[in-house]
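Asks: quick one, fold the following:
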Amino acid sequence: MEIHGTVWDILQNKDAKIWTTGVHSTVYEAIRLMGEHNIGALVVVEEGVVAGVISERDYSRKVVLLGRTSRGTLVGDIVARPAITVQSSDGIETCMQLMTSHRLRHLPVVDDGTLVGLVSIGDLVSWVMQSQRHTILQLQGYIAGEYPG
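Replies: Down below sits the predicted model:
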């Protein structure tokens with residue numbers, strides 16, 4: 001099944017606010033910001049350029065399990081580089097392929113060097129489910145004779 005739609009379509013249905021942190025922030029500061037805003041990830045920026053994403057999952061795997069402290073570890077020390085990003089014109093399938101092949105849950109959206117959004121695996125699953133519901137309704141209408149054949 002081919003999935004139609006672009007990253008831009010997903011961004012139109014999301015809150016426009018993008019939470020970021022810097023590479024020189026401590027992991028503690030990043031985790032605190034995530035908690036304050038009830039989010040699971042932040043885009044990491046360095047000198048205005050997207051450096052990557054830090055998530056709660058990164059905290060547990062790259063700080064806690066390695067015996068580091070969140071107050072003594074900088075975000076830049078654990079963020080995976082280079083950042084894997086998409087553009088708002090990229091298709092949903094492109095995002096799904098990137099997330100699957102790189103085992104990611106979040107993709108920063110960068111257009112012409114500017115951060116314009118963040119899409120999550122949850123956003124993509126929601127889009128696919130909505131697309132499938134739409135297709136099913138169209139097929140049911142066609143079968144019921146509501147559309148000219």
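
Asks: need the longest helix for the chain.
Replies: Looking across the chain with DSSP state H, the single longest helix is helix 121-143.

Asks: mind listing what's buried along that helix?
Replies: When burial is assessed from 16 or more other Cβ atoms under 10 Å, helix 121-143 yields the following buried residues: Asp123, Leu124, Trp127, Val128, Ser131. In this view, the C-beta of every residue, glycine as well, is placed from N, C-alpha and C.

Asks: can you check the pLDDT for the last one?
Replies: To tie it back to what came earlier, the one meant is Ser131. Reported pLDDT at Ser131 in the predicted model: 70.

Asks: for the residue nearest to Trp19 when sequence neighbours are not counted, name its beta-bridge partners.
Replies: Using Cβ to Cβ, 6 or more residues apart in numbering and skipping the chain neighbours, the partner closest in space to Trp19 is Leu42 (5.2 Å). Leu42 has the following beta-bridge partners by DSSP bridges: Ile54.

Asks: now Leu42: how far from His106?
Replies: Between Leu42 and His106 the distance is 9 Å, computed by Cβ to Cβ, to the nearest Å.

Asks: mutual contacts of these two, please.
Replies: Here Leu42 and His106 share the contacting residues Val53, Ser55, scored by Cβ atoms under 8 Å, 6 or more residues apart in numbering.

Asks: of these two, which one has the most company?
Replies: Neighbour count, other Cβ atoms under 10 Å: between Leu42 and His106, Leu42 has more, with 28 against 22.

Asks: flag every buried residue along the helix or strand encompassing Val109.
Replies: The secondary structure element spanning Val109 is strand 106-111 (assigned by DSSP states H and E). Buried residues in strand 106-111, defined by neighbour count with 16+ other Cβ under 10 Å: His106, Leu107, Pro108, Val109, Val110.
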